[in-house]
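*Asks:* Sequence first, then the predicted structure:
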Amino acid sequence: MAAASRNPVCGIFKAWGILTPCGNSSTIPELTADQIQILGVLVATIALFVWGRWRHDVIALAALLAAVVLDLVPSAEAFSGFGHPAVVTVACVLVLSFGLQSSGAVDTLALRIVPTNRGPTLTIAALTGVGALMSAFMNNVGAMALLLPLGIQLSGRLGLPPGKVLMPLSFGTILGGMTTLIGTPPNLIVSGFREQAGAESFGMFDFTPVGLIVALGGLLFVALLGWRIVPGREQGGVGTFDTGTYLTEARVREGAKSIGRTVREVEEVLQESDAQIVGLVRNRFRVAVPNMHGKVRAGDVLVIEAEPESLSSVYMNLGLEPEPPEADDEAEGGARDATDEGTAAESADSSGKDVGDKPRARKERSDEEHALQELAVLPRSPLIGRSSRSAQLRERFGLMLLAISRQGRQTIKRLRSTEFQPGDVLLLQGDPAALSGFATEFGCVPLAARAISIPDRRKAAIATGIMAAAIAGAAFGLVPAAISFAGGVVAFMVLKVIPLRKMYDAIDWPVIVLLACLIPVAVAMESTGAADLLARSLLEGIAQGRPVIALTLILVVTMTLSDFMNNAATAAVMCPIAISTAGQLGVNPDAFLMAVAIGASCAFLTPIGHQNNTLILGPGGFRFGDYWRLGLPMEVVVVLAGVPGLLYFWPL
């Protein structure tokens, strides 16, 4: 009795009026010095995260150093988190996601699985539903990796901040993982503990009845209401400038789905990407007002007005490809524009030099070091009054003009003959050094980088194949997830799916530091017994012999621990407590183990509870305290759906 009365945990519960006097039957030990210290570090860290004054990676590093100074984490293991499989997996997934996005593979995926011309509710419901379904049969981190760039792309299409799509997607993939044995590591751990307790391990679909009820409840909540309460934050540098729409030229390639359609039908498809046709070039002549009932042919060049971020989907939707301004000059030795009546307006230079440069242009386009850059033409730029041809963009600099943005004006004819004006924004493709040299010589200002990509069918196919192989390797247990995704990154480098210089830029390093620093702290929570003590204190102090309350408490405590610890570690800590509690109460232990499985998977309050939440921290522009706004209602939904489901399918 004396030991129990000295227990600070007992004192806290007594102060709250929810704990009867700790008698001799209490099995709660006193808090040790190490436990007090690690709990103090944890509370201080959470408080700083919620305060939001400092960056999350700085706070995490400070927490790690505090744990080292207090001798809670051995100094030799302080930075072991940087080699942890979870950290390696997150870094590799970010690179693979960037490759899928920049190659255009995401746009192709969007056309096949997400409805077009639909509002945010239906689109988010479809995306999260697909994420949940994929997570049931593959690593849920892999599912999130595959759909992350798609979520970013769809947020632009819907006109929403990225986070309003990414957080529902993350939660959807987490929910889907709990429905099968292989969906998430905690399910495998729970199954293993059941076998150790003397029963058979859980089967592949033993988790499905309750897991499906919880997942469906969560998905309905997210789709109908949840996404609306997600903080609408933008990434740094996103949305800081507006270039207006671009005018670009796209050639209809052989076999494209747009061939044989009328101009009106093609424009209806383009409207899905907020684009429209403003001209058509056929046989070297431009018709400013094309016949809307005329049919599109292979080789036609469509002059399209589109938002910068929509250029990729414009090309992918109808089987189009960028038309370099010099293409007609090279192929035909000259070109002419037509007025609205169809007469020739100008003649192109047909020098043999342009023809001779054609092989070099093709080589430049395949150069893996090429980049896209937006440049604004300054008022006193030497470029004013000159065209891309007269400025010799390709001959001197090896650059290609892909599009021009001229706000409020649509008098641009062909790109190659358009005379630049002050305020024009040029979308150029070429070597980064050449882009820099051109900007310096011609008085242009580079704009901040943003998500503008030109699709490449070959790279998109390669990127998709590599990602599928990496996911398969992790899903079927051929190799660990970290090794599988790291192999995918190596394949990306060898096959030049994305430029080597962008490999490290694709990684959100503050997120990596956050995760790597907090992993040793979470291990200290487990090794000192602090996590176990907290769980037992709550159970013995509140449940007090009532099985339904004990079951609910197991679920809530597991979810809470999972928000701050690795979900596999949480399952390992809570399974013995669940089995012991069921034994003391004389009820079915399977219900309690299933509660642990659900709770360990449902980490919604913080970005560190699950790798999928960590993945969206940077792309969504989130702060640490943003997650609870949707996460807290989600955990309430989990409890309201999960407890009745557990009682029905796994009766006590």
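*Replies:* Noted; the coordinates are in hand.
*Asks:* Mind naming the longest helix for this protein?
*Replies:* Assignment by DSSP state H gives helix 627-649 as the longest helix of the chain.
*Asks:* so where do the helices sit in the stretch 551-652 of the chain?
*Replies:* Under the criterion DSSP state H, counting those that start in this stretch, helices of the stretch 551-652 of the chain are mapped to 567-585, 589-601, 611-615, 627-649.
*Asks:* Could you do the stretch 51-200 of the chain as well?
*Replies:* In the stretch 51-200 of the chain, the helices defined using DSSP H, counting those that start in this stretch lie at 56-69, 85-103, 105-113, 120-137, 140-158, 163-177, 185-196.
*Asks:* circling back: elements contacting the longest helix of the chain?
*Replies:* Using 3 or more CB pairs under 8 Å, 6 or more residues apart in numbering; DSSP states H and E as the contact test, the elements touching helix 627-649 are helix 163-177, helix 208-224, helix 547-562, helix 589-601. Yep, even glycine has a C-beta here, placed from its N, CA and C like the rest.
*Asks:* just to revisit the earlier point, show me which of the helices of the stretch 51-200 of the chain has the highest average neighbour count.
*Replies:* Most buried of these by mean neighbour count (mean count of other CB atoms under 10 Å) is helix 163-177; its value is a mean of 30.
*Asks:* Without its sequence neighbours, what residue ends up closest to residue 255?
*Replies:* Once flanking residues are discounted, residue 255 sits nearest to residue 319: 7.0 Å by CB to CB, 6 or more residues apart in numbering.
*Asks:* where does the stretch 301-450 of the chain dip in pLDDT?
*Replies:* Within the stretch 301-450 of the chain, the segments meeting pLDDT under 70 span 308-310, 312-313, 316-317, 323-370, 407-414, 448-450.
*Asks:* hey, where'd the helices end up in it?
*Replies:* Under DSSP H, counting those that start in this stretch, the stretch 301-450 of the chain gives helices at 311-317, 327-332, 352-356, 358-365, 393-397, 432-441.
*Asks:* Put the alpha carbons of the fifth one into CSV.
*Replies:* What follows is helix 393-397 as a C-alpha-only set of coordinates in CSV (Å, rounded to 0.1, in the frame of the first residue of the first chain):
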residue,chain,number,x,y,z
LEU,A,393,17.7,30.3,-78.5
ARG,A,394,18.6,26.8,-79.8
GLU,A,395,21.6,27.6,-81.9
ARG,A,396,23.4,29.6,-79.3
PHE,A,397,22.1,28.3,-76.0
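*Asks:* which of the residues in that helix are buried?
*Replies:* Within helix 393-397, the residues that count as buried by 16 or more other CB atoms under 10 Å are 393, 394, 395, 397.
*Asks:* how close does the residue positioned nearest the centre of the chain sit to residue 616?
*Replies:* Centroid-nearest residue in the chain, with CA atoms, centre = their mean: residue 148, separated by 2.8 Å. Per CB to CB, to the nearest Å, residue 148 is found 7 Å from residue 616.
*Asks:* How about residue 466?
*Replies:* For residue 466, the distance to residue 616 - CB to CB - is 22 Å.
*Asks:* go on, residue 228?
*Replies:* Counting by CB to CB - residue 228 and residue 616 are separated by 17 Å.
*Asks:* Same check on residue 263?
*Replies:* For residue 263, the distance to residue 616 - CB to CB - is 40 Å.
*Asks:* In terms of neighbours, single out the busier of these two.
*Replies:* Set residue 263 next to residue 616 and count neighbours by other CB atoms under 10 Å: residue 616 wins out with 26 against 20.
*Asks:* Identify the residues contacting the more buried one.
*Replies:* For residue 616, the contacting residues are 144, 148, 163, 166, 167, 169, 170, 607, 622, by CB atoms under 8 Å, 6 or more residues apart in numbering.
*Asks:* Not counting sequence-adjacent ones, nearest residue to the fifth one?
*Replies:* Pointing back at residue 167 there. Spatial nearest neighbour of residue 167, excluding adjacent residues (CB to CB, 6+ apart): residue 230 at 4.8 Å.
*Asks:* And the last one, by the same measure?
*Replies:* Nearest non-adjacent residue to residue 622, counting by CB to CB, 6+ apart: residue 163, 5.7 Å away.
*Asks:* For residue 375, see how far away the one you found is.
*Replies:* Per CB to CB, residue 163 is found 30 Å from residue 375.
*Asks:* do residue 435 as well
*Replies:* According to CB to CB, residue 435 and residue 375 sit 8 Å apart.
*Asks:* now swap in residue 511 and tell me
*Replies:* According to CB to CB, residue 511 and residue 375 sit 31 Å apart.
*Asks:* cool, and residue 100?
*Replies:* Using CB to CB, we find residue 100 at a distance of 27 Å from residue 375.
*Asks:* Distance from stretch 154-171 to the middle of the chain?
*Replies:* Stretch 154-171 has its C-alpha centroid displaced from the chain centroid by 9 Å (CA atoms, centre = their mean, to the nearest Å).
*Asks:* That one spans what distance, first to last residue?
*Replies:* 17 Å (CA to CA, to the nearest Å).
*Asks:* That stretch - what's its average pLDDT?
*Replies:* The average pLDDT for stretch 154-171 rounds to 86.
*Asks:* again with stretch 199-207
*Replies:* Taken as a whole, stretch 199-207 carries a mean pLDDT of 81.
*Asks:* and it, which residues are buried?
*Replies:* Buried residues in stretch 199-207 (16+ other CB under 10 Å): 202, 206, 207.
*Asks:* and what of stretch 215-227?
*Replies:* Neighbour counts over stretch 215-227 (16+ other CB under 10 Å) mark 215, 217, 218, 219, 220, 221, 222, 223, 226, 227 as buried.
*Asks:* Now do the contacts for the residue nearest to the first one when sequence neighbours are not counted.
*Replies:* Same thing as residue 215. Leaving out its chain neighbours, the residue that sits closest to residue 215 by CB to CB, 6+ apart is residue 175, at 4.1 Å. Contacts for residue 175 (CB under 8 Å, 6+ apart) come out as 132, 135, 214, 215, 218, 219, 601, 602.
*Asks:* Could you dump those into JSON lines with distance to residue 371 added?
*Replies:* JSON lines is the format used below for the contacts of residue 175 (distance: CB to CB, whole Å):
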{"residue": "132", "distance to residue 371": "36"}
{"residue": "135", "distance to residue 371": "34"}
{"residue": "214", "distance to residue 371": "45"}
{"residue": "215", "distance to residue 371": "41"}
{"residue": "218", "distance to residue 371": "41"}
{"residue": "219", "distance to residue 371": "39"}
{"residue": "601", "distance to residue 371": "40"}
{"residue": "602", "distance to residue 371": "41"}
